[in-house]
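Peer 1: sequence and predicted structure below; questions after.
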Amino acid sequence: MTNHLFSLIRSRIPAPDKVFIETPQGRTLTYADLVEGTGRYANALVALGVAPGDRVAVQVEKSVSAILLYLACVRAGAVFLPLNTAYTIAELDYFIGDAEPTVVVCDPAKREGIAAIAGKAGVKAVETLDPAGNGSLANKAATHSPSFDDAGRAADDLAAILYTSGTTGRSKGAMLTHDNLASNARTLVDYWRFTASDVLLHALPIYHTHGLFTATNTLLMAGGSMLFVSKFDADTVMKLLPRATAMMGVPTFYTRLLQHPGLTPDATKHMRLFVSGSAPLLAETHRDWRARTGHAILERYGMTETNMNTSNPYDGDRVAGTVGFPLPGVALRIADPESGHVLPQGEIGVIEVKGPNVFKGYWRMPEKTAAEFRADGFFITGDLGRIDERGYVHIVGRGKDLIITGGFNVYPKEIEGEIDAVDGVVESAVVGVPHPDFGEGVTAVVVRKPGATVDERTILSALEGRLAKFKQPKRVIFVDDLPRNTMGKVQKNVLRDLHKDLYAR
Ligand code: AMP
């Protein structure tokens, strides 16, 4: 049996000496280096006891070596499990306990803390990898042979588990197969016209589906090159744009670049494609970008569980405020959220999708998985949308209260749980309100116990160390009572409305 995903990647390598990754720090990795490096890491993982199907949890800073580690897991038949670098030890305790990885790879600074929680989850080894590509795992890999026999993996075998935030406070591990990733990458190569001549400017994090799969896998399937920036920074991106042909970003990238004086048609004349996704791109940003550069940003829609579902067209109208058409091979429909009946064109309902891109289910959560699929195999995304008369999909809202801040999902329930545990707090409601920089700013509305002196600072410092930075509220507001409807439910729409100008510039 071949290794479904890696065999495809390997078959599309244009030439061994072709550059795969280049960093602004001057590191260059060719495709031959990619094959050798992943071979060494795969051998190191096997020597640590990793067998096909085992999970390898990875919480490391973005680096070229982290990409090698991802692909080494694929080659070894392991299930790659990336974790947001902002997660605290308290949060990692849940992920490691739930996923029971064989090996955990982390930043050297986190090693001690993780080792303390890893034992009870049956982890065999905790290894390190730092941003420069040094660490105990890198040292081990260096002693191993670059040749490695790829583990046989079928299309339906797991390649990765990516945790999404959970509405009930419990995160769910989305199980993605080799073919979920391979099929979506191949579709995007064709749809977005990627070739080996492309140079993708990569400034996204790689613990999330956008930077890891949408960007990296698509580029690999095209046999192109990446300019690999460890963290988005407008100056660095502006410097590299003249050498790139394409960029994939979250809306924040575009709003920040629009503030840069260097953004001109000349600075972007070498580019053929700007893609945006992970959160709604304001129609205004789309317009401003076109006016400043002459390029129409191509907006697309996807999620961790489904990879990419829709895209504006490569040729033809890229319509601001829409996410375009279902991708080839993806069936998309709008249904009544309660009954599941498919709605007539133009009506608003929940977006449901089916196709080779859709994940296999949530790790060790069969009931949750069953509840989110219809009997005919369509996945209920939880996003609300409609399809217009030209067939463009519009996203009109999100399942309830999900907050998207700087491209990251924050589920209020988890934050509310932490705030409610603070001394002197009766209850809280966390909402997202418009924020000029992050799209939405996490905002907490809190009711104090009579006589309690708890203030904004007390709450924010109680959350430090409990929650990743991006989940921590930007502001805490105190009220006497939360607004409720007749059924006793907190009316978050009222709160969002009340505080909609909180972050206005
Ligand atoms: P994630 O799983 O982190 O990729 O988040 C997926 C969610 O992001 C989707 O369910 C949508 O709610 C939202 N999303 C992704 N792309 C877009 C987009 N282009 N416009 C609006 N929302 C989007």
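Peer 2: Okay, I see it. Numbering: from 1, shown residues only.
Peer 1: from here on, just use CA atoms for contacts and neighbour counts.
Peer 2: Fine.
Peer 1: just say helix, strand or coil for residue 40.
Peer 2: helix (DSSP: H, G, I helix; E, B strand; the rest coil).
Peer 1: again with residue 66
Peer 2: Applying three-state DSSP: residue 66 is helix.
Peer 1: which residues touch it?
Peer 2: Going by Cα atoms under 8 Å, 6 or more residues apart in numbering, residue 66 touches 60, 129, 133.
Peer 1: make JSON lines from these and add secondary structure and distance to residue 1 to it.
Peer 2: JSON lines is the format used below for the contacts of residue 66 (DSSP: H, G, I helix; E, B strand; the rest coil; distance: Cα to Cα, whole Å):
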{"residue": "60", "secondary structure": "coil", "distance to residue 1": "31"}
{"residue": "129", "secondary structure": "coil", "distance to residue 1": "31"}
{"residue": "133", "secondary structure": "coil", "distance to residue 1": "32"}
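Peer 1: out of these, who's nearest the ligand?
Peer 2: Checking the contacts of residue 66 against the ligand with Cα to the nearest ligand atom, the nearest one is residue 60 at 18.4 Å.
Peer 1: how close does the spatially most central residue of the chain get to the ligand?
Peer 2: For the chain, residue 208 is the residue whose C-alpha lies nearest the centre (Cα atoms, centre = their mean; 2.8 Å). Counting by Cα to the nearest ligand atom, to the nearest Å, the separation of residue 208 from the ligand is 7 Å.
Peer 1: gap between that residue and residue 84?
Peer 2: According to Cα to Cα, to the nearest Å, residue 208 and residue 84 sit 7 Å apart.
Peer 1: give me the element residue 254 is part of.
Peer 2: Assigned by DSSP states H and E, residue 254 falls within helix 251-258.
Peer 1: can you tell if the next helix or strand after that helix touches the ligand?
Peer 2: Sequence-wise, the next helix or strand downstream of helix 251-258 (DSSP H and E) is strand 273-276. No - Strand 273-276 lies out of reach of the ligand by Cα under 6 Å from any ligand atom, never closer than 6.7 Å.
Peer 1: which residues are contacting strand 273-276?
Peer 2: By Cα under 8 Å, 6+ apart, the list of residues contacting strand 273-276 reads 245-251, 295-300.
Peer 1: those residues: which ones sit near the ligand?
Peer 2: Among the contacts of strand 273-276, the ligand is touched by 299, 300 when using Cα under 6 Å from any ligand atom.
Peer 1: quick one: which of the contacts of strand 273-276 is most hemmed in?
Peer 2: Neighbour counts for those, by other Cα atoms under 10 Å, peak at residue 299, which reaches 29 neighbours.
Peer 1: which strand residues bridge that residue?
Peer 2: residue 276 (DSSP bridges).
Peer 1: distance of it from residue 318?
Peer 2: 8 Å.
Peer 1: and if you look at residue 467?
Peer 2: From residue 467 to residue 318 the distance is 38 Å (Cα to Cα).
Peer 1: so how far is the helix or strand encompassing residue 418 from its chain's centroid?
Peer 2: Using DSSP H and E, residue 418 sits in helix 412-420. Centroid separation for helix 412-420 versus its chain: 22 Å, with Cα atoms, centre = their mean, to the nearest Å.
Peer 1: what residues does that helix touch?
Peer 2: So helix 412-420 is contacted by 166-169, 401-403, 425-431, 444, 459, 462-463, 466-467, 471-472 (Cα under 8 Å, 6+ apart).
Peer 1: residues of that helix that come out buried?
Peer 2: Neighbour counts over helix 412-420 (16 or more other Cα atoms under 10 Å) mark 412, 413, 414, 415, 416, 419, 420 as buried.
Peer 1: do stretch 270-280 as well
Peer 2: Judged by neighbour count using 16+ other Cα under 10 Å, the buried positions of stretch 270-280 are 271, 273, 274, 275, 276, 277, 278, 279, 280.
Peer 1: okay, residue 167: pLDDT?
Peer 2: You'll see residue 167 listed with a pLDDT of 41.
Peer 1: give me the phi and psi for the most far-flung residue of the chain relative to its centre.
Peer 2: In the chain, the residue that sits farthest from the middle, by Cα atoms, centre = their mean, is residue 451; the gap is 42.6 Å. The phi and psi values for residue 451, taken as degrees, to the nearest 10, are phi 80, psi -10.
Peer 1: per-residue confidence for it?
Peer 2: 94.
Peer 1: okay, it and residue 480: tell me how far apart.
Peer 2: Distance from residue 451 to residue 480, by Cα to Cα: 12 Å.
Peer 1: over to residue 252?
Peer 2: The spacing between residue 252 and residue 480, counted by Cα to Cα, is 35 Å.
Peer 1: now do the helices in the stretch 251-400 of the chain.
Peer 2: Ranges of helices in the stretch 251-400 of the chain, per DSSP state H, counting those that start in this stretch, are 251-258, 283-293, 366-371.
Peer 1: tell me the angle the second one makes with helix 251-258.
Peer 2: Using axes from the mean of the first three to the mean of the last three Cα atoms, to 10 degrees, one finds that helix 283-293 and helix 251-258 are set 40 degrees apart in direction.
Peer 1: for the buried residues of stretch 270-280, which one is nearest residue 47?
Peer 2: residue 278 (37.2 Å; Cα to Cα).
Peer 1: isn't that closest one right up against residue 301?
Peer 2: Yes - the criterion here is Cα atoms under 8 Å, and residue 278 meets it with residue 301 at 6.9 Å.
Peer 1: and the stretch 251-400 of the chain, which residues reach the ligand?
Peer 2: 277-280, 299-304, 323, 383, 395, 398.
Peer 1: pLDDT check: weakest of those residues?
Peer 2: Per-residue pLDDT puts residue 398 lowest of those, at 63.
Peer 1: common neighbours of residue 299 and residue 318, please.
Peer 2: With Cα under 8 Å, 6+ apart as the test, residue 299 and residue 318 both reach 312, 324.
Peer 1: and residue 264, what is it in contact with?
Peer 2: Contacts of residue 264 by Cα under 8 Å, 6+ apart are 292, 293.
Peer 1: picking that back up, closest to residue 234 out of the helices of the stretch 251-400 of the chain?
Peer 2: helix 251-258 (5.7 Å).
Peer 1: what's the neighbour count on the nearest residue to residue 438 once chain neighbours are set aside?
Peer 2: Leaving out its chain neighbours, the residue that sits closest to residue 438 by Cα to Cα, 6 or more residues apart in numbering is residue 406, at 4.3 Å. Using other Cα under 10 Å, residue 406 is surrounded by 19 other residues.
Peer 1: the contacts of helix 412-420, buried ones only, as a PyMOL selection?
Peer 2: The PyMOL selection below is limited to those of the contacts of helix 412-420 classed as buried (16+ other Cα under 10 Å):
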select buried, resi 166+167+401+402+403+425+426+427+428+429+430+431+444+459+463+466+467+471+472
